[in-house]
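**Q** Pasting the sequence and the predicted model now:
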Amino acid sequence: MLTLCGKFCIIFAPMKQIEERLTWLREELRREHLSAFVFPTTDPHNSEYTADHWKGREWISGFTGSAGTAVVTLKSAALWTDSRYFIQAAEQLKGTEFQLMRLKVAGTPTIAEWLGHELTDMDDKEIGVDGMLTSVSVMEQLKEELKRRGGITVRSNFDPLTRIWKDRPQIPGNPVVPQPLEFAGEETKSKLARIRKALHEQHADGMLVTALDDIAWTLNLRGSDVHCNPVFVSYLLIASNKTTLFINKEKVSGEVRQYLKEQGVEVADYAEVGKGLQDYFEYNILMDPDEVCYTLFQKVTRNIVRGTSPIPAMKAVKNERERLGFRSAMLRDGIAMVKFLKWLDEHVGKERLTEISVSDKLESLRAEQPLYRGLSFDTIAGYGEHGAIVHYEATPETDAVIQPKGFLLLDSGAQYQDGTTDITRDPLRKSSEKSIPWY
């Protein structure tokens, strides 16, 4: 059975399969004397888009949208998501135990409110949340709210999926590759020096970098561990005179290892990050509570400086080579789009074109451009009424035939080595009426 919409649509689990998974989960909860478990959408790096290994919320609920939280108690289940996914979630949760909780709609309870009600008659007033998948700020807020809801406590050191998800995908092991200086515009040594200066201004001796895009930018490396995102699973521990990249070492070639050594970066195994924090030798360390997960935060033995990572602000100020790369990427992407518009104008109404076929055609034209590396997100091609569905993605069942009239929403983008694009068009309109691109 296929979902009817959603930006990241895939075949979803049949109702019976979801029932089996909920049964397995509840057996584990009883063994651990827990009354509920919370499944967020994030990974240990607080990523918006995650590798398959961490899609536990999707596995337990069948909902495949890119945002949402599933909560399962011993007797009930619910899923919270935002308005982008109301239609998709209602379709994918149909026939399961899961109640759809529409965020920011009047009358929708918070997770804490709902748990307070659901656990009223239960003996065990403790729930489980994987501390590796939950940021410090989110965990602390949840704990405080649950404490006020009848003294419910939270256990953060248990992941039931390690026991019940038998065919769970492995953590990605794709190789990392250098981002040439001609595109990066600044050496890693220089970036690390600027980061250390910014940390000093916050009275911090070092920091743990967990955001995958921040690590890729800092080290001038790229990867392919996450769909449509050129990042790689890792942590970066920066001290005053030492930098360590925690990563699956099989992903690091001899060339990349030598490059990192030249930039003053050591390599350690991804699973050793906890030990790295315990062995951290400086007086204090900056930990961003909105980025660092709760479990790793608890590993720190030194003084913690709660503060904001300086890296996102640095990334926001582009150097000359980055600005040139953006312009060049948009130029090449524009060439691909113009070729597509010409092709569409010549073929629509004369042969059978559908939402999927035009999406594939645009992707093939982008792939012809130099430095193309893939899509920046799954293309949204919605014809007619489908254009009104937020984050719509065509399936073989819904693949509408396009006519030389009406409205075709085309929301698409690409990853090039020197820049990323994201544009929205109605290609059925006259060229002088093209909508403004969303960058």
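**A** Looks like it came in fine. On a predicted model such as this, the values are computed, not experimentally measured, just so you know. Residues are numbered from 1 along each chain as shown.

**Q** For Asp213, give me its contacts.
**A** Residues near Asp213 by Cβ atoms under 8 Å, 6 or more residues apart in numbering: Asn229, Val231, Lys315. Where C-beta positions appear, they are placed from N, C-alpha and C, glycine not excepted.

**Q** From Met330, how far off is the last one?
**A** As defined by Cβ to Cβ, to the nearest Å, Lys315 lies at a distance of 18 Å from Met330.

**Q** Then Gly116?
**A** Separation of Gly116 from Met330 (Cβ to Cβ): 50 Å.

**Q** pLDDT wise, what is Ser364 at?
**A** pLDDT for Ser364: 97.

**Q** Okay, it and Ala89: tell me how far apart.
**A** In this view, Ser364 and Ala89 are 32 Å apart by Cβ to Cβ.

**Q** Between those two, tell me which one has more neighbours.
**A** Legend: neighbour count by other Cβ atoms under 10 Å for Ser364 and Ala89, higher for Ala89 (26 against 11).

**Q** Poorly predicted segments of the protein, please.
**A** 1-13, 429-439 (pLDDT under 70).

**Q** now with 90?
**A** Applying pLDDT under 90 to the chain flags residues 1-15, 48, 121-124, 150, 388-393, 395, 424-439.

**Q** does Asp290 belong to a helix or a strand, and which?
**A** According to DSSP states H and E, Asp290 maps onto no helix or strand at all.

**Q** Unless I'm misreading it, it sits right up against Asn46, doesn't it?
**A** Yes. Using Cβ atoms under 8 Å, Asp290 makes contact with Asn46 at a distance of 7.5 Å.

**Q** Between the two, point out the one with more neighbours.
**A** Comparing Asp290 with Asn46 by other Cβ under 10 Å, the one with more neighbours is Asn46, at 22 against 13.

**Q** quick revisit: shared neighbours, Asp290 and Asn46?
**A** Counting by Cβ under 8 Å, 6+ apart, the residues touching both Asp290 and Asn46 are Ser135.

**Q** ranges for the strands of the stretch 51-200 of the chain?
**A** Ranges of strands in the stretch 51-200 of the chain, per DSSP state E, counting those that start in this stretch, are 69-73, 77-81, 98-102, 126-129, 153-155, 177-178.

**Q** same thing with the stretch 301-439 of the chain?
**A** All strands of the stretch 301-439 of the chain, identified by DSSP E, counting those that start in this stretch, fall at 303-306, 372-375, 380-383, 408-412, 414-416, 419-420, 423-425.

**Q** who does the fifth one touch, helix- and strand-wise?
**A** Put plainly, it is strand 414-416. helix 320-347, strand 372-375 (3 or more Cβ pairs under 8 Å, 6 or more residues apart in numbering; DSSP states H and E).

**Q** now these in TSV, with mean neighbour count and distance to Glu282?
**A** TSV is the format used below for these (neighbours: other Cβ atoms under 10 Å; distance: least, Cβ to Cβ, whole Å):
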stretch	mean neighbour count	distance to Glu282
helix 320-347	16	31
strand 372-375	17	37
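
**Q** can you put the strands of the stretch 51-200 of the chain in JSON lines and add mean neighbour count and distance to Gly223?
**A** Listed next are the strands of the stretch 51-200 of the chain as JSON lines, based on neighbours: other Cβ under 10 Å; distance: least, Cβ to Cβ, whole Å:
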{"stretch": "strand 69-73", "mean neighbour count": "23", "distance to Gly223": "27"}
{"stretch": "strand 77-81", "mean neighbour count": "23", "distance to Gly223": "28"}
{"stretch": "strand 98-102", "mean neighbour count": "18", "distance to Gly223": "34"}
{"stretch": "strand 126-129", "mean neighbour count": "23", "distance to Gly223": "28"}
{"stretch": "strand 153-155", "mean neighbour count": "15", "distance to Gly223": "33"}
{"stretch": "strand 177-178", "mean neighbour count": "17", "distance to Gly223": "7"}
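
**Q** could the ones you listed be laid out in CSV, adding distance to Arg30?
**A** Shown next, in CSV, are those (distance: least, Cβ to Cβ, whole Å):
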stretch, distance to Arg30
strand 69-73, 12
strand 77-81, 16
strand 98-102, 20
strand 126-129, 12
strand 153-155, 14
strand 177-178, 47
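
**Q** The closest residue to Trp165 other than its chain neighbours and Ala70: what is the separation?
**A** Nearest-residue entry for Trp165: Trp59, 6.0 Å, with adjacent residues in sequence omitted and distances by Cβ to Cβ, 6 or more residues apart in numbering. Trp59 is 10 Å from Ala70, where distance means Cβ to Cβ.

**Q** Equivalent analysis for Val154, please.
**A** According to Cβ to Cβ, Val154 and Ala70 sit 16 Å apart.

**Q** what's the closest of the strands of the stretch 301-439 of the chain to Lys261?
**A** Smallest distance to Lys261 across the strands of the stretch 301-439 of the chain (Cβ to Cβ): 26.1 Å, for strand 372-375.

**Q** roughly how far out does the closest one sit from the chain middle?
**A** Computed by Cα atoms, centre = their mean, to the nearest Å, the chain-centroid distance of strand 372-375 equals 18 Å.

**Q** Any chance of JSON lines for the helices and strands packed on strand 414-416, columns distance to Asn284?
**A** Listed next are those as JSON lines, based on distance: least, Cβ to Cβ, whole Å:
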{"stretch": "helix 320-347", "distance to Asn284": "32"}
{"stretch": "strand 372-375", "distance to Asn284": "39"}
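
**Q** Thr42 is nearest to which of the ones you listed?
**A** With Cβ to Cβ as the yardstick, what comes closest out of these is strand 372-375 (22.1 Å).

**Q** For that closest one, which outside residues touch it?
**A** Residues contacting strand 372-375 (Cβ under 8 Å, 6+ apart): Ser224, Cys228, Pro230, Arg332, Glu363, Arg366, Ser412, Gly413, Ala414, Gln415, Tyr416, Gln417.

**Q** in its sheet, what does that strand sit against?
**A** In the sheet, strand 372-375 lines up against strand 414-416 (antiparallel) (DSSP bridges).

**Q** Would you mark the buried spots in the partner strand?
**A** Ala414, Gln415, Tyr416 (16 or more other Cβ atoms under 10 Å).

**Q** same thing with stretch 109-123?
**A** Ile111, Ala112, Trp114, Leu115, Gly116, Glu118, Leu119, Met122.

**Q** could you dump the residues you listed to CSV with distance to Glu32?
**A** Listed next are these as CSV, based on distance: Cβ to Cβ, whole Å:
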residue, distance to Glu32
Ile111, 20
Ala112, 21
Trp114, 21
Leu115, 16
Gly116, 20
Glu118, 18
Leu119, 15
Met122, 14
